[in-house]
Structures are given as structure tokens and as C-alpha cells.
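below is the sequence, then the predicted model.
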Amino acid sequence: MANDFDSFSEKLRVEEALTFDDVLLRPKESSVEPDEASTATRVSTSVELTVPVLSAAMDTVTESNMAIAMARHGGLGVLHRNMSIDQMVEEIDRVKRADELIIPLEEVVTVDPEMSVREADSRMEREGVGGAPVINTNGEVLGIISSTDVRPHLEVGESDPVSEAMTDEVITAPQDIDPREAFDMMYEHKIERVPVVDEENLLVGLVTMQGILQRREFDEAARDEGGHLRVGVAVGPFELDRAQAADDAGADILFIDCAHAHNRNVIESARDIKSKVGADVVVGNIGTREAAAAVVDFADGVKVGIGPGSICTTRVVTGAGMPQISAIAQVADVASQHKVPVIADGGIRYSGDAIKAIAAGADAIMLGSYFAGTDEAPGRVIIMNGKKYKQYRGMGSVGAMKSGGGDRYFKDDTDEEFVPEGVEAATPYKGTLESELHQLVGGMQSGMGYVGADSIPEFKERAEFVRVSPAGQQEGHPHDVVITDEAPNYSPE
Ligand code: XMP
């Protein structure tokens, strides 16, 4: 036979491949308090996260709102690619501008000195700001006016010019101010906003106390060197133009988005993209050690998952796939030798699955269904039989392929009749991403506590699995009871 087999029957002497429910973490002696376990990890050559979690590049999971929320809480959102390149650039821009220290000039509400106090007050109210820099026609900063300055004039002289009401001893900041300096400056002078000026005292932006406090609230956030939130972007396996546009727009990681990346053309194209962009390039999806070996020489990360996803039908439609725990372990065997981070993508239903994925060798995990029901996911809440849901569909479903991205499955978007590898579904509405992420990460930290590891690298070293029988699986879920109050981190399948 052409393969290494002497007969067809020999093919049936197969290796066993396992998934989440087949294994459990073996409890070990521990002195680790779960809350103190660090979940910091590396997802690609140059990107580290405090939370090892990514939201899936799916059109019912990650657009800019999700990406902003994920990055603020220490993880990473990966924008889907069922959108035009222009839209993608706008979405990247929205994430990058979300927590900007300096509000750029185009977005600063300004008033001019000749304007009446009444007019200035109306403008500030309309724009929802409590104060505004006063600038002349050259853009020079003459003063600053706030609601407090305006109030007495509204009583007695609402047509007084702004120049009479404004504070003209303005404290300004240089363009390279950092958050600490800005905070100290505002604290010392008891002011809420500081105009940022260039060498000629021309206004270039504004720093507000509100903005600084918001950044402080997210002290675990994933930020780039410039302090902007990080964002991942999915690009098609052959989309060099999209990859270059995403790179130019400031994407931190490009994810080559393919259902079967162990394909020579895909690998060549990914290699070419990597050679032409500055951002890190993660290649996926793969599920075997041979596939890992084919990409580790250039990839900044690899993503694992052939058919484990909740909305996937790849395995039943194509007959191909790899149970996820074994897929992760096989890929990690090779990737870890080359110090290439591994992302486990798909099939994670509970925090226990997430931490098992890390134990099997992953550095981070990617989730779709877990986050699709949150407020930050695209799409509206729908009510069915009195319960709230949000739409969740596979990127290989007919609906998603019709709106682009069929090449993830090597299908042409113009095909009249798709052969889908995913379904269109709904998932229970879950509220904020923050509370979902809190449950997910809290459960993972508890798993680290059971194994006695206070960091992800130590956990990967220490964790051992036991094999679970069907009876053992049943024992692990609530049994012989009727659940009366749903837990925030468990719902029966
Ligand atoms: P979960 O289980 O988290 O999985 O919902 C999300 C991951 O599933 C992959 N994905 C698909 N796989 N057909 C597939 O075989 C599809 O239509 C499909 N859509 C998404 C993807 O890797 C995602 O991150």
C-alpha cells in the first residue's frame, strides 16, 4: 500500500484521541490561593496578556465593541473578516482610539472667544462635555471655559462674550505627556481637563480626568507600546491586501483564518504575509504534530481546532477532525520546542475545559459560544418562548458564507449552493462580558489551585490528567437533583 500500512485492516489499529470530557486534572498538594494564581501568558511572539483568553473571529462574536471590552479586561478580541477592508480599518481604529489618553483635535469640543456665553453653554451641553478650550481662528489656546465659569453669566449676562467668562491662565500639556504626569498636573491644579498644545501653543488635543480614571480602572488591560488597546484581526489565507491594510491600521496580531491550515498553498501564502507585515502572524487552524512542524519556522503563534466548535459540523460533514485535547497536545509537543505559543480554539463550554486546554499544552484559549450571548457581541437580543437569546452562527454556515469568508472552507463566495460546515443558531443571552470573563478566569484560577501552580508556565509543567469513564463523567455533573437556582457558571448541556 502507498501508506505505511500493510493492509486496510491495519488502518483500524488506530491511535486514541481524547477531548475535554475524557480527562480530568489530577488534584495535587497545593499551597496556592486561586485568587493569587497569575494567568499571564504569551499569545504570540511579541504579545503578552494578563488573561489568556481570546474572543473568536466570528461575525456574531467579535467586532470593535467586543475587542475593546476583551482588551480592557486583559484578553484579546479578534475581529472577524466578513466586512470590507475599509470597515475593518475603521473597526481597528475604534479599538485603538477607545482608551486614548489624548483626545485628538478633531474630537475636542472647542469654543471661540467671541461666542456668547449662552451659545458656548448650549454647545457644551449638546456635546455632553463639562468644559472646553477657547481657541482663536489660528487654533491658539486663549483660555478654557467650564460650566462653573458660565453659570454666573447665564444669570445676568448670557450674551457676554466667552472671553469675559473664561479662565485665561490655562495650564497646558505637551504632546508627549504620560498618564502619570497628566494626573499629577490635574490633581495639583484641581482641574478636570488640560489642553495639549504643540510648540506654537496650537491646540492638538485634550486630556481629561475622566479619561485617566477610566484607564486606571482597567489596569490589567492589554495595551501596545503606545498605550492603545491591543486588537487581533482575522485575514483570509490568501488576502495579502487585507493583511497589509490591517497591519498599516495598527493591528497587533494577524490571524490567518482557515479551517485547514495544513495546506501547502495556505502555508506558502501565510509565510508570504508574514514576510510583508510588521504585526505578529498566528497561523491556524491545525490539529496535528505534522501541521505544527510545517509552520513553526515562521509562525508567531499557532491556533488549534479542527471541528471542536459548538456550531461546527466539519467532522460530520467531512469525516475529518481531531478531538481537541489530543490536538492541543500534539501541536504543543512541536510548538513548545520552538517557543511558539499555542492557542486552543473551540469546544470550550466551561472554565474547566479552558484550564484543561492549558494543561494539555495551550498558552491561551479562544471562545465563540461562551461570549456570543454577551452584550458586547454583535447582534440583538431575541426572545423565544419568554427566554432571551442572541444569534450565534458558524463562519462556515450558509448565512455567514453568503456574506463572505467562504475561503476559510476553500469555498468560493459566488457558489450558488454552499456545502456548509457550520450551523446557524441562538445562544442564551448572558449580560456583560465582564461577568462572563470573571467566571471563566476565576474557574481557571481555581483549577490552578487544585494542581498547586501559581502561574501558567508552572501549571503546564505540573498538571497531570486522569482518564474518565462515562460513569465518571456523569458523576462530575450535578446528578440526582433538580436544579432550582441556575449557577452563573453552569448550565446543563
Ligand atoms: P466555540 O465552541 O467556542 O467554537 O463556539 C468557536 C470556534 O469554532 C470555529 N468555527 C467553526 N468551525 N464550522 C467549523 O467547523 C464553522 O462554521 C465554524 N465557525 C467557527 C472557529 O475556530 C471558532 O473560533
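Looks like it arrived, so ask away. Numbers count the residues shown, from 1 in each chain.

name the residues of the longest helix seen in the chain that are buried.
In terms of residue count, the longest helix belonging to the chain (DSSP state H) is helix 433-451. Using 16 or more other Cβ atoms under 10 Å as the burial criterion, the residues of helix 433-451 that qualify are 433, 436-437, 439-441, 443-451. All C-beta spots, glycine's among them, are computed from the backbone N, C-alpha and C.

which of the residues you listed lies closest to the ligand?
L440 (11.5 Å; Cβ to the nearest ligand atom).

count of residues packed around the residue in the stretch 51-200 of the chain positioned nearest to the ligand?
Nearest residue of the stretch 51-200 of the chain to the ligand: A56, at 3.3 Å (Cβ to the nearest ligand atom). By other Cβ atoms under 10 Å, 29 other residues sit near A56.

that one contacts M366, correct?
Yes - counting by Cβ atoms under 8 Å, A56 touches M366, with 5.4 Å between them.

find residues that contact each of those two.
V78, D345, G346 (Cβ atoms under 8 Å, 6 or more residues apart in numbering).

report the residue ranges of every domain in this protein.
13-99+220-476, 104-207 (automatic domain parsing).

contact partners for the residue of the stretch 51-200 of the chain closest to the ligand?
So A56 contacts T62, V78, H80, D345, G346, M366, L367, G368, F371 (Cβ under 8 Å, 6+ apart).

can you list these in a markdown table and add pLDDT?
Listed next are the contacts of A56 as a markdown table, based on pLDDT from 0 to 100:
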| residue | pLDDT |
| --- | --- |
| T62 | 98 |
| V78 | 98 |
| H80 | 97 |
| D345 | 98 |
| G346 | 97 |
| M366 | 98 |
| L367 | 98 |
| G368 | 97 |
| F371 | 97 |
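
quick one: which of the residues you listed is most hemmed in?
M366 (34 neighbours).

hang on, it in a strand?
Yes - with DSSP: H, G, I helix; E, B strand; the rest coil as the criterion, M366 is assigned to a strand.

show me what contacts it?
V53, L54, S55, A56, V78, K303, G305, I343, A344, D345, G346.

ok, it to the ligand distance?
From M366 across to the ligand, the span is 5 Å (Cβ to the nearest ligand atom, to the nearest Å).

just want the residue of the stretch 201-350 of the chain that's nearest the ligand.
For the stretch 201-350 of the chain, Cβ to the nearest ligand atom, closest residue to the ligand: G309, 2.6 Å.

so what's the residue count around that residue?
27.

now P179
14.

hmm, Q214 and it touching each other?
No - applying Cβ under 8 Å as the test, P179 and Q214 come out as separate, 10.6 Å apart.

and of the contacts of A56, the nearest to S159?
T62 (50.9 Å; Cβ to Cβ).

from V231, how far off is that closest one?
9 Å (Cβ to Cβ, to the nearest Å).

any shared contact partners between those two?
Common neighbours of T62 and V231 (Cβ under 8 Å, 6+ apart) are G77, V78, L79.

near the ligand, which residues of this protein? Just list them.
56, 58, 259, 285, 305, 307, 309-312, 314, 345-348, 366-370, 394-397, 421-422 (Cβ under 6 Å from any ligand atom).

which residues of the stretch 1-150 of the chain fall in helices?
Secondary structure of the stretch 1-150 of the chain by DSSP state H, counting those that start in this stretch: the helices cover 8-11, 64-72, 85-98, 117-127, 147-156.

poorly predicted segments of the stretch 51-200 of the chain, please.
Within the stretch 51-200 of the chain, no stretch has pLDDT under 70.

wait, K390 sits on G379?
Yes - K390 lies in contact with G379 (Cβ under 8 Å); the separation is 5.3 Å.

among those two, which residue is more densely surrounded?
Set K390 next to G379 and count neighbours by other Cβ under 10 Å: K390 wins out with 22 against 17.

quick one: the more buried one from E424, how far?
Taking Cβ to Cβ, one finds K390 at 12 Å from E424.

and if you look at R151?
Taking Cβ to Cβ, one finds R151 at 55 Å from E424.

show me where the stretch 51-200 of the chain has strands.
53-55, 76-79, 103-104, 131-135, 141-146, 193-197 (DSSP state E, counting those that start in this stretch).

out of these, nearest to R264?
strand 76-79 (24.7 Å).

any buried residues in the closest one, and which?
Within strand 76-79, judged by 16+ other Cβ under 10 Å, the buried ones are L76, G77, V78, L79.

count the neighbours of the residue lying closest to S159 once chain neighbours are set aside for me.
Excluding the flanking residues, the one nearest S159 by Cβ to Cβ, 6 or more residues apart in numbering is S116, at 4.7 Å. Neighbour count of S116, defined by other Cβ under 10 Å: 17.

do the same with the one 10 residues further on
For R126, the neighbour count with other Cβ under 10 Å is 9.

next one: D224
Quick note: D224 (other Cβ under 10 Å) scores 15 neighbours.

isn't it up against V231?
No - with contact taken as Cβ under 8 Å, D224 and V231 are classed as non-touching, separated by 9.0 Å.

what do the two both touch?
G250, D252.

ok, how many other residues are close to the closest residue to F5 other than its chain neighbours?
Spatial nearest neighbour of F5, excluding adjacent residues (Cβ to Cβ, 6+ apart): K11 at 5.5 Å. The number of residues packed near K11 is 12, by other Cβ under 10 Å.

next one: the one 10 residues further on
Under the neighbour criterion other Cβ under 10 Å, D21 is assigned a count of 19.

ok, R223 next?
16.

with N136 instead?
Count around N136 with other Cβ under 10 Å applied: 14.

show me what contacts the nearest residue to it once chain neighbours are set aside?
Nearest residue to N136, sequence neighbours excluded (Cβ to Cβ, 6+ apart): L142, at 5.9 Å. The contact partners of L142, taken as Cβ under 8 Å, 6+ apart, are P113, V134, I135, N136, S163, M166, D168, V170.

next one: L142 from G130, what distance?
19 Å.

now do A354
Counting by Cβ to Cβ - A354 and G130 are separated by 42 Å.

who has more neighbours, these two?
Between A354 and G130, counted using other Cβ under 10 Å, the more crowded position is A354 (24 against 13).

filter the contacts of L142 down to the buried ones, PyMOL style.
Buried subset of those, written as a PyMOL selection, criterion 16+ other Cβ under 10 Å:
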select buried, resi 113+134+135+163+166+170
